[in-house]
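Structure, please.
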Amino acid sequence: MLITSTQRPLYVKQLFDRDSCTYTYLLGDPKTHEGAIIDAVKEHLQRDLQYIEELGIELLYIIETHIHADHITSAGLIRQKTGAQIVYSQAAAVKSIDIDLKEGDELPIGGHHIRA
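This is a model prediction of the structure:
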């Protein structure tokens, strides 16, 4: 993924799950407060929701970059709590998602874009 911006810096918070060795990223536009979470882990649902609330982020997207047995996602639970859309690569052929990205597709977040 490539993040492009037309203006101000994008807020990025990196989080880590030791059990699955998964990095989770919370992104937010400081002006519009629109944001996304990347590779959220089920065991850290409450932590992630707390950061989203504390930072005042209107979560637009829950982006998953990969699937493997020891990374149980919290995407569905976060969607229920926030109304954000679940995003996967079209190549993953995952069902029950909202957006399937193809190479070159973009997700707008405030004055920024995440390009697949």
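
State which helix of the chain is the longest.
helix 45-54 (DSSP state H).

tell me which residues in that helix are buried?
Asp48, Leu49, Tyr51, Ile52 (16 or more other CB atoms under 10 Å). Any C-beta I mention is one placed from the backbone N, CA and C, and that applies to glycine too.

Excluding chain neighbours, what is closest to Leu10?
His112 (5.1 Å; CB to CB, 6 or more residues apart in numbering).

Now compare the buried residues of helix 45-54 and name the two farthest from each other.
The span of the buried residues of helix 45-54, defined through CB to CB, is set by Leu49 and Tyr51 at 7.5 Å.

circling back to that earlier point, would you reformat the buried residues of helix 45-54 as CSV and include pLDDT?
Listed next are the buried residues of helix 45-54 as CSV, based on pLDDT from 0 to 100:
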residue, pLDDT
Asp48, 97
Leu49, 98
Tyr51, 96
Ile52, 97
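
With distance to Thr32 as extra columns, can I get those residues in CSV?
Output for the buried residues of helix 45-54, formatted as CSV (distance: CB to CB, whole Å):
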residue, distance to Thr32
Asp48, 20
Leu49, 20
Tyr51, 17
Ile52, 15
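
Which one of the residues you listed is nearest to Thr22?
Asp48 (11.9 Å).

mind checking pLDDT for the residue lying closest to that closest one once chain neighbours are set aside?
Nearest residue to Asp48 in three dimensions, chain neighbours excluded: Ala40, at 5.5 Å (CB to CB, 6+ apart). For Ala40, the pLDDT comes out at 95.

and if you look at Ala91?
Reading off the model, Ala91 has pLDDT 80.
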